[in-house]
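Q: got a structure for you, letters missing:
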């Protein structure tokens, strides 16, 4: 997923990036902490999560950790997680994954450079990785 | 839901507000931290949560994060979350959502300006977003 | 439940108290933090929790938060939670609730003034809100 | 369970101890923190946990809290928890409980005085409170 | 599992190591904290987790604790956990365990000495302890 993220980032901005690969999703919080401490303004984490209860528990630990890092550093981390049970077929899952990565890269860039765009989209049913469902609350 | 919150706030007070939109509910804790650090006295978070186990886990991570931010800043965050499985139809869900937003805006204003009103309501069965159930403990 | 707690406190002690009402159980940790920071020696939280999975998750977030506040302040918080699925009928639930509030008020007073009494009761099957089950481990 | 722990401690060492009784398992983290801050080198917590989902959630909050206290103080806390669904009959549960308390007291003493013994036992299938299952990984 | 880890470490590097054995998985965070504070650059934790809900909850508490230690120390902890329900037979479980330990020792060494290798492997379906599933996202 890293290549897709870099591709999208180059499409929409000239921001510089650093890449940090870790063995598993529970290693993401410390990696994000190191990147933010070394001067990065935002981190996008890319994680792939299995279908078991154990995987969900690991996802929870990762999520709590990423939120803690944000609170301590005062910077955003955009967490892109793909859960293997989100689609029926592997082909559909790959489409979900690519779309979600691209949309969250745009979200991250917006948070840094153009926060008003996010506000305009709020409540219009944007779903990262799926067709949008349309507005439900004006 | 942001527009409803602002509408209610204007109805009942002349308090100033700032709006901060984020991509997902797990981004709320750092956004709330930034607002409180920049001088806001209270934050109302508005979140819409899906029906899956993964959504519930994300809600947990968000909740732990919001409580941590409150403990670190010494200020309240009023968390307004709508869970998609709270009502049978989308129409009912929208009614629940609007009512809950309005009631929690009043709660937030009371916490700042009129904490005695909350005390009078405690134990009278106020349910944010639903018809009240009446007192069960005097 | 606040009135019952105050009634029990007056029955058994002449300790002074302060009351702080919040909209929901997830608001309890920051309220407890404020009370402890302002000079209170102990806090008793009173919470009423619904039957859904979401309610249980909120209870977890609240519990982690209350423990964090205790660790940071070095003071006890006695958490009195009533779960709506603890009794068959509403009438039974009210009895459980009242008993539990009164017993935990006594526990809180003992922690401050008479910690040896708690030690004598340990392992004798005291169940806050229910008839005691008797000793199982000497 | 406190008496059993003290009995075992006296059997195998001349270490001094302090006893601190709390109303419920969620009160253990702050009690452990106070003991460690007042000069204790290690804490053994003894907890009895019911069978409901709510009890499991309280156990989780307690566990996270105890780990946080250890991280902040730099000292071990040995957590002895008996879950009521661990045995078929109450009689079996009492046997499990007593064995587990005694083995964990020995573990705590070893961590302080004889850490090499724990290393020799690792992977030999020691199960606190049950007959050992034998080695599965050399 | 400690012997396997040491064997693999010696096969691929001349790094020095220290070994710290604890009674249970919830004791791992404080042990890792002590090792990192005493000068270790990275910690590999080895844990064996049972099949019950209680075991999963303990795994969650351990995971949150290990992530907290990483955030506080700024160093990686590679967590190798074997869940007893990961394989049908004990024999298969042992194979999974040995493979996972060896692969994670290599991951830990790479994080310290050769982070680019991890990047090349990302998204190629490496599964610690199982046959690799092949790439799913280019």
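A: Now that the structure is in, tell me what you want to look at. Here the structure is a predicted model, which means the values were calculated and not measured. Numbering: from 1, shown residues only, chains lettered A, B, ... in the order given.
Q: make it CA atoms for all contacts and neighbour counts henceforth
A: Fine.
Q: can you tell me the element the residue most central in space within chain A falls in?
A: Centroid-nearest residue in chain A: residue A:80, 2.5 Å away (criterion: C-alpha atoms, centre = their mean). Here residue A:80 is covered by strand A:77-83, with elements defined by DSSP states H and E.
Q: does that strand reach chain E?
A: No. Counting by C-alpha under 8 Å from any C-alpha of the partner chain, no contacts exist between strand A:77-83 and chain E, the nearest distance being 11.7 Å.
Q: who in chain A is up against chain B?
A: Counting by C-alpha under 8 Å from any C-alpha, the residues of chain A lying close to chain B are A:56, A:60, A:63-64, A:67-68, A:70-71, A:74-78, A:104, A:107, A:111, A:115, A:118-119, A:122-123, A:136-138.
Q: still on that earlier bit, ok, the residue nearest to the centre of chain A touching residue A:101?
A: Yes. With contact taken as C-alpha atoms under 8 Å, residue A:80 and residue A:101 are classed as touching, separated by 6.4 Å.
Q: what touches both of the two?
A: Common neighbours of residue A:80 and residue A:101 (criterion: C-alpha atoms under 8 Å, 6 or more residues apart in numbering or on different chains): residue A:46.
Q: quick one: residue A:59 and residue A:27 touch, right?
A: No. Taking contact to mean C-alpha under 8 Å, the distance of 11.0 Å between residue A:59 and residue A:27 leaves them out of contact.
Q: and these two? which has more neighbours close in?
A: The neighbour count for residue A:59 versus residue A:27, taken as other C-alpha atoms under 10 Å in any protein chain shown, is higher for residue A:59 (25 against 20).
Q: which SSE is that one in?
A: helix A:53-73.
Q: that helix vs helix B:53-73, what angle?
A: Counting by axes from the mean of the first three to the mean of the last three C-alpha atoms, to 10 degrees, helix A:53-73 lies at 30 degrees to helix B:53-73.
Q: tally of neighbours for residue A:96?
A: Other residues within reach of residue A:96, judged by other C-alpha under 10 Å, total 18.
Q: who's in contact with the helix or strand containing it?
A: For residue A:96, the element it lies in under DSSP H and E is helix A:90-113. Helix A:90-113 is contacted from outside by A:1, A:4-5, A:8-9, A:12-13, A:41-42, A:44, A:46, A:78, A:80, A:82, A:84, A:86-87, A:116-118, A:128-130, B:22-23, E:136-137, using C-alpha under 8 Å, 6+ apart.
Q: the following helix or strand past it packs against which elements?
A: Heading C-terminal from helix A:90-113, the first helix or strand you meet, by DSSP H and E, is helix A:115-121. Packing contacts for helix A:115-121, counted by 3 or more C-alpha pairs under 8 Å, 6 or more residues apart in numbering or on different chains; DSSP states H and E, involve helix A:90-113.
Q: which parts of the helix it packs on are buried?
A: For helix A:90-113, the buried set under the neighbour-count rule, 16 or more other C-alpha atoms under 10 Å in any protein chain shown, comprises A:93-94, A:96-111.
Q: buried ones in stretch A:79-89, by neighbour count?
A: Across stretch A:79-89, burial judged by 16+ other C-alpha under 10 Å covers A:79, A:80, A:81, A:82, A:83, A:84.
Q: and the pLDDT for the first one?
A: The reference is to residue A:79. Note for residue A:79: predicted pLDDT of 97.
Q: how much space between the closest residue to it other than its chain neighbours and chain B?
A: Setting aside the residues directly before and after it, residue A:79 is nearest to residue A:45 in space (C-alpha to C-alpha, 6 or more residues apart in numbering or on different chains), at 4.9 Å. The span separating residue A:45 from chain B equals 13 Å under the rule C-alpha to the nearest C-alpha, to the nearest Å.
Q: so residue A:45, which state does it fall into?
A: strand (DSSP: H, G, I helix; E, B strand; the rest coil).
Q: wait, what's in contact with it?
A: Contacts for residue A:45 (C-alpha under 8 Å, 6+ apart) come out as A:28, A:32, A:77, A:78, A:79, A:80, A:81.
Q: about what we covered before: write a PyMOL command that selects only the buried members of the contacts of helix A:90-113.
A: Per 16+ other C-alpha under 10 Å, the buried members of the contacts of helix A:90-113 correspond to this PyMOL selection:
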select buried, (chain A and resi 1+4+5+8+9+41+42+44+46+78+80+82+84+118+128+129) or (chain B and resi 22+23)
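Q: flag the shaky bits of chain A, pLDDT-wise.
A: The model of chain A has pLDDT under 70 over residues A:123-127, A:130-138.
Q: for chain C, give me its nearest residue in it.
A: Residue nearest to chain C within chain A (C-alpha to the nearest C-alpha): residue A:64, separated by 11.2 Å.
Q: number of nearby residues for that residue?
A: One way to gauge burial is a neighbour count; for residue A:64, by other C-alpha under 10 Å, it gives 24.
Q: what does residue A:39 give?
A: Neighbourhood size, residue A:39 [other C-alpha under 10 Å]: 8.
Q: grab the nearest non-local neighbour of residue A:66.
A: Distance criterion C-alpha to C-alpha, 6+ apart; nearest residue to residue A:66, sequence neighbours excluded, is residue A:29 at 5.0 Å.
Q: contacting residues around residue A:36?
A: Here residue A:36 is in contact with A:42, A:43, A:73, A:75 (criterion: C-alpha under 8 Å, 6+ apart).
Q: okay, and it sits in which element?
A: Secondary structure from DSSP H and E places residue A:36 in helix A:28-37.
Q: now the angle from that helix to helix E:53-73?
A: Orientation check (the same axes, to 10 degrees): helix A:28-37 against helix E:53-73 gives 20 degrees.
Q: could you list the buried residues of helix A:28-37?
A: Taking 16+ other C-alpha under 10 Å as the criterion, helix A:28-37 shows A:28, A:29, A:30, A:31, A:32, A:33, A:34, A:35, A:36 as buried.
Q: for residue A:66, what are its contacts?
A: If you count contacts by C-alpha under 8 Å, 6+ apart, residue A:66 has them with A:28, A:29, A:32, A:77.
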